[in-house]
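S.K.: Just need the structure, nothing else, for what follows:
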Amino acid sequence: MNPEAAEQHVVRLSRTIAAPPERVYRAWLDPELLRLWLAPASFSVERVEVDERVGGHHRTWQVGPDGASGGFDCELLELVPNRRIVFRWRFVGPDRVADPSHDSVLTITFAEAPEGETELTLVHERLDALYKAMPQIVENVGRGWGMALDNLAAAVSGN
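M.R.: Numbers count the residues shown, from 1 in each chain. Next comes the predicted model:
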């Protein structure tokens, strides 16, 4: 493989979450649960739409404390109940305008861990085109996912 062709911007995170895989999996697809956790730091989730089927949409509207809004407009590419979800992930601004060349892929896997917990692995890749257009967004993707996964763990474990 050509080293220059290798992807430079990939986020990989893992978390052990004190909840069973079915609960953690549902938290990625249930709009009411998504409202509780899919926003980093001081942002909040204003609205969520999920059409839970392969080819369906997964849309999130977020708003910051300064009133700035944006979110995600995604397509569900793969659904393996309680095991794996793959998204065509697209960051969008306040006008929900997106550039298809900035699409990325988000893969979430769920594995049973001891004591009824879940080992969640997140891989967000194909971020290079977005980085060329908006490096400040990509530079914060890992940190944003880290905060969101902390929120997810708290939401599904009852802490």
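S.K.: what are the ranges of the strands in the chain?
M.R.: Taking DSSP state E as the criterion, the chain carries its strands at 11-17, 44-50, 57-63, 69-80, 84-89, 91-92, 104-113, 117-125.
S.K.: Same list as before, those that is, but in JSON lines and with distance to Met147 and mean pLDDT included.
M.R.: For glycine as for every other residue, the C-beta is placed from the backbone atoms N, C-alpha and C. Compiled in JSON lines, the strands of the chain are given as follows (distance: least, CB to CB, whole Å; pLDDT from 0 to 100):
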{"stretch": "strand 11-17", "distance to Met147": "11", "mean pLDDT": "95"}
{"stretch": "strand 44-50", "distance to Met147": "13", "mean pLDDT": "93"}
{"stretch": "strand 57-63", "distance to Met147": "12", "mean pLDDT": "92"}
{"stretch": "strand 69-80", "distance to Met147": "15", "mean pLDDT": "92"}
{"stretch": "strand 84-89", "distance to Met147": "17", "mean pLDDT": "96"}
{"stretch": "strand 91-92", "distance to Met147": "16", "mean pLDDT": "80"}
{"stretch": "strand 104-113", "distance to Met147": "16", "mean pLDDT": "96"}
{"stretch": "strand 117-125", "distance to Met147": "12", "mean pLDDT": "97"}
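S.K.: Ok, which of the ones you listed comes nearest Ile137?
M.R.: Minimum separation from Ile137 across those (CB to CB) falls at strand 91-92, 6.1 Å.
S.K.: sorry, back to before: export the strands of the chain as TSV, with columns for distance to Leu34 and mean neighbour count.
M.R.: Formatted as TSV, these follow (distance: least, CB to CB, whole Å; neighbours: other CB atoms under 10 Å):
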stretch	distance to Leu34	mean neighbour count
strand 11-17	15	15
strand 44-50	5	15
strand 57-63	7	19
strand 69-80	10	18
strand 84-89	12	19
strand 91-92	16	20
strand 104-113	13	18
strand 117-125	15	19
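S.K.: so which of those strands gets nearest Arg23?
M.R.: Closest approach to Arg23 among those is made by strand 117-125 (7.8 Å; CB to CB).
S.K.: The closest one packs against which elements?
M.R.: When contacts are defined as 3 or more CB pairs under 8 Å, 6 or more residues apart in numbering; DSSP states H and E, strand 117-125 packs onto strand 11-17, helix 21-27, strand 104-113, helix 141-157.
S.K.: Can I get those in TSV including distance to Asp128?
M.R.: As requested, the helices and strands packed on strand 117-125 are arranged in TSV below (distance: least, CB to CB, whole Å):
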stretch	distance to Asp128
strand 11-17	12
helix 21-27	29
strand 104-113	9
helix 141-157	12
